[in-house]
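In: model the following, please.
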Amino acid sequence: MFSFTVRPAVINDAEGIFNYNKKHGRSALSLEETTAALGEILADGTSKVFVAINSQHLAGYVYAREIISLSEPRYIEIVNLALSDFYREKGVGTVLIQAIRQWAEQMLSAKIIFSAKVYDLEKYTALEEDNYIKDERSLIFFRTM
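Out: Predicted coordinates:
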């Protein structure tokens, strides 16, 4: 069994996030651009990044932001949920999502929305098991807070 820690990201996590994204073909950003983007996100106040760390290595991360709409109550949108293949189905993603849920409650958000790419849908069964509702019209998972 392995252990991991979930905590808010700090600027020094940019390199681990960059390396993860590069390895998995998820980013067109350089390390410098990733660092700058993370710095902006951390300073923003309406966004949050949590990282899961196992033995000083990045096991995964989640990035979410608050959305203020003119047509519905404010909500949290999960922009990125990234897990290394080794950590899938081991509870890391669940704990990252729980961290976002706690932050959403602090932000007094009405719900959390997470959009999944169609080819990734089988990876998100845990969301449905955690009472997120799959919106058949838009392929968006959400959970009322």
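In: not counting sequence-adjacent ones, nearest residue to the residue nearest to the spatial centre of the chain?
Out: Most central in the chain under CA atoms, centre = their mean is residue 62, positioned 2.2 Å from the mean C-alpha point. Leaving aside its chain neighbours, residue 62 sits nearest to residue 96 (4.2 Å; criterion: CB to CB, 6 or more residues apart in numbering). C-betas here are computed from N, CA, C, even on glycine.
In: helices or strands next to whichever helix or strand that neighbour is part of in the packing?
Out: Taking DSSP states H and E as the criterion, residue 96 maps to helix 92-106. The contact analysis (3 or more CB pairs under 8 Å, 6 or more residues apart in numbering; DSSP states H and E) places helix 92-106 against strand 5-8, strand 47-54, strand 57-67, strand 75-83, strand 111-115, helix 125-129.
In: report the distance from it to the chain centre.
Out: 9 Å (CA atoms, centre = their mean, to the nearest Å).
In: so which bits of that helix are buried?
Out: For helix 92-106, the neighbour count (16 or more other CB atoms under 10 Å) marks 92, 93, 95, 96, 97, 99, 100, 101, 103, 104 as buried.
In: so who does the first one touch?
Out: What it means is residue 92. By CB atoms under 8 Å, 6 or more residues apart in numbering, residue 92 lies in contact with 4, 6, 52, 59, 60, 83.
In: recalculate using a threshold of 6 Å.
Out: Applying CB atoms under 6 Å, 6 or more residues apart in numbering to residue 92 gives the contacts 52, 59, 60, 83.
In: of those, buried ones?
Out: 52, 59, 60, 83.
In: correct me, but the last one touches residue 91?
Out: No: distance between residue 83 and residue 91: 10.4 Å, which falls outside the contact criterion (CB atoms under 6 Å).
In: residue 79: neighbour count?
Out: 14 (other CB atoms under 10 Å).
In: excluding its backbone neighbours, what's nearest it?
Out: That would be residue 63: by CB to CB, 6+ apart, it lies 4.8 Å from residue 79.
In: widest-spaced pair of the buried residues of helix 92-106?
Out: The distance between the two most remote of the buried residues of helix 92-106 (CB to CB) is 18.9 Å, for 92 and 104.
In: sec struct for residue 73, please.
Out: coil (DSSP: H, G, I helix; E, B strand; the rest coil).
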